[in-house]
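K.L.:
Just the structure for this:
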Amino acid sequence: MQEAITKAGVLAEALKYIQRYYEKIVVIKFGGSVMDDPDAMRSILTDVVFMNFVGMRPVLIHGGGKAINQAMEARGLEVQFVQGRRYTDQRTLTVVEHVLCNEINAGIVETLESLGSGAMGLHTLGSGVLLGERLFLEEDGRTIDLGMVGRVASVNSKLIELLCQADTVPVIAPLARDKTGGKLNCNADTAAGEVAAALKAEKFVVVSDTHGVRRDVNNPESFFPAIRETEIRELIADGTISSGMLPKVEACLRALDAGVKRTHIIDGRVPHALLLEIFSDRGVGTLIRKDEA
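P.N.:
Prediction:
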């Protein structure tokens with residue numbers, strides 16, 4: 001009896017959040033080692049299906065860096081990075097597109113459908129929603145060419161919204177087309193921030209393999225349960241936030257600037273991390289919000 005009462009209490013607690021986010025878009029980006037753990041991935045996708053069934057509008061964007069590295073190595077291709085970004089020539093892009101679209105994206109769609117939710121993959125081998133432009137970096141006054149690497153310039157938010165209204169979960173791969181029809185490899189975190197911004201989502205959640213933003217990167221217990229935009233910018237300026245965490249935080253800031261009300265970076269290794277973050281009073285990561293929020 002006590003177990004049943006506890007479950008009823010959890011459902012009652014979730015009600016106010018279900019009401020708050022009913023028919024609201026929540027953009028979810030996941031990547032990192034979470035994608036290499038089948039149990040963690042299934043837990044996340046089960047949460048997404050739950051969200052969809054209670055009337056929320058989840059939109060997914062995924063990465064796939066490790067799987068791409070493995071595929072390139074299997075083909076005898078050298079993996080090259082420039083300032084943390086993958087150099088992408090035509091052969092690399094062919095591998096990236098195959099892994100992201102035919103393997104990862106298709107696998108996510110299949111899992112969502114097996115759990116009872118409609119889903120549709122959006123990428124460069126089908127219906128793409130990301131329009132991009134070439135990305136160049138600057139270093140010591142020099143322009144650095146990254147090959148077929150791009151940034152998201154615009155998002156076909158109308159198509160995404162139509163799928164959401166049809167109770168179909170959009171699953172987006174971080175590949176864009178440019179104005180000439182060429183294909184570009186984009187950073188998944190950055191692309192996710194642009195999608196959240198374009199949709200003016202109610203929430204933007206980055207699911208990764210970290211507890212959240214930390215004051216000391218080597219101390220998991222030093223993470224911030226909640227932090228404001230100004231504090232985040234100070235941590236970026238003093239170098240506390242750097243490396244792989246930087247694009248995640250910058251994506252959150254981009255979303256906030258566009259009107260997204262709440263952004264989160266959470267640990268996807270925690271069972272049902274999405275449900276804990278969205279439907280309960282307890283979080284499993286860092287909430288980043290505007291100063292005035």
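K.L.:
C-alpha only now, for contacts and for neighbours.
P.N.:
OK.
K.L.:
Just give me the neighbour total for G147.
P.N.:
The number of residues packed near G147 is 18, by other CA atoms under 10 Å.
K.L.:
swap in V59?
P.N.:
V59: 28 surrounding residues under other CA under 10 Å.
K.L.:
That one contacts T168, correct?
P.N.:
No: counting by CA atoms under 8 Å, V59 sits too far from T168 to count as a contact (9.2 Å).
K.L.:
Which residues are in contact with each of those two?
P.N.:
Listed contacts common to V59 and T168 are nil; contacts here mean CA atoms under 8 Å, 6 or more residues apart in numbering.
K.L.:
Neighbours of the nearest residue to N187 once chain neighbours are set aside, how many?
P.N.:
In this structure, N187 finds its nearest non-sequential neighbour in P174, 6.6 Å apart by CA to CA, 6 or more residues apart in numbering. Neighbours of P174 under the rule other CA under 10 Å: 31.
K.L.:
P174 against K183, yeah?
P.N.:
No: counting by CA under 8 Å, P174 sits too far from K183 to count as a contact (10.7 Å).
K.L.:
Can you give the distance of the helix or strand hosting A71 from its chain's centre?
P.N.:
Assigned by DSSP states H and E, A71 belongs to helix 65-74. Its chain's C-alpha centre and that of helix 65-74 lie 20 Å apart, by CA atoms, centre = their mean, to the nearest Å.
K.L.:
repeat for stretch 41-51
P.N.:
Distance, centroid of stretch 41-51 to centroid of chain: 14 Å (CA atoms, centre = their mean).
K.L.:
for stretch 148-167, same thing?
P.N.:
14 Å.
K.L.:
same check, this time on stretch 129-145
P.N.:
The answer for stretch 129-145 is 22 Å, by CA atoms, centre = their mean.
K.L.:
And it, what's buried?
P.N.:
Buried residues in stretch 129-145, counted by 16 or more other CA atoms under 10 Å: 129-135.
K.L.:
now these as a markdown table including secondary structure, distance to V27 and pLDDT?
P.N.:
Below are the buried residues of stretch 129-145 laid out as a markdown table (DSSP: H, G, I helix; E, B strand; the rest coil; distance: CA to CA, whole Å; pLDDT from 0 to 100):
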| residue | secondary structure | distance to V27 | pLDDT |
| --- | --- | --- | --- |
| V129 | coil | 14 | 97 |
| L130 | strand | 15 | 97 |
| L131 | strand | 18 | 97 |
| G132 | strand | 19 | 96 |
| E133 | strand | 22 | 95 |
| R134 | strand | 24 | 92 |
| L135 | strand | 24 | 88 |
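K.L.:
Could you export those to JSON lines, including columns for distance to I28?
P.N.:
Shown next, in JSON lines, are these (distance: CA to CA, whole Å):
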{"residue": "V129", "distance to I28": "16"}
{"residue": "L130", "distance to I28": "16"}
{"residue": "L131", "distance to I28": "19"}
{"residue": "G132", "distance to I28": "20"}
{"residue": "E133", "distance to I28": "23"}
{"residue": "R134", "distance to I28": "25"}
{"residue": "L135", "distance to I28": "24"}
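K.L.:
Quick check on F81: phi, psi?
P.N.:
Per-residue torsions, F81: phi -120, psi 140 (degrees, to the nearest 10).
K.L.:
try D89
P.N.:
Torsion angles at D89 (phi, psi; degrees, to the nearest 10) stand at phi -90, psi -170.
K.L.:
Count the residues that sit near it.
P.N.:
Other residues close to D89 by other CA under 10 Å number 13.
K.L.:
same question, R91
P.N.:
R91 sits with 10 neighbouring residues when counted by other CA under 10 Å.
K.L.:
hang on, V205 in a strand?
P.N.:
Yes: secondary structure assignment places V205 in a strand (DSSP: H, G, I helix; E, B strand; the rest coil).
K.L.:
For it, which residues are in contact?
P.N.:
For V205, the contacting residues are 26-29, 263-266, by CA under 8 Å, 6+ apart.
K.L.:
now do G55
P.N.:
G55 touches 18, 21-23, counting by CA under 8 Å, 6+ apart.
K.L.:
Please list only the buried members of the residues you listed.
P.N.:
Buried residues within these, counting neighbours by 16+ other CA under 10 Å: 18, 21, 23.
K.L.:
right, and the helix or strand after the lengthiest strand in the chain?
P.N.:
Scanning the chain for the longest strand, with DSSP state E as the assignment, gives strand 142-155. Beyond strand 142-155 on the C-terminal side, the first helix or strand identified by DSSP H and E is helix 157-165.
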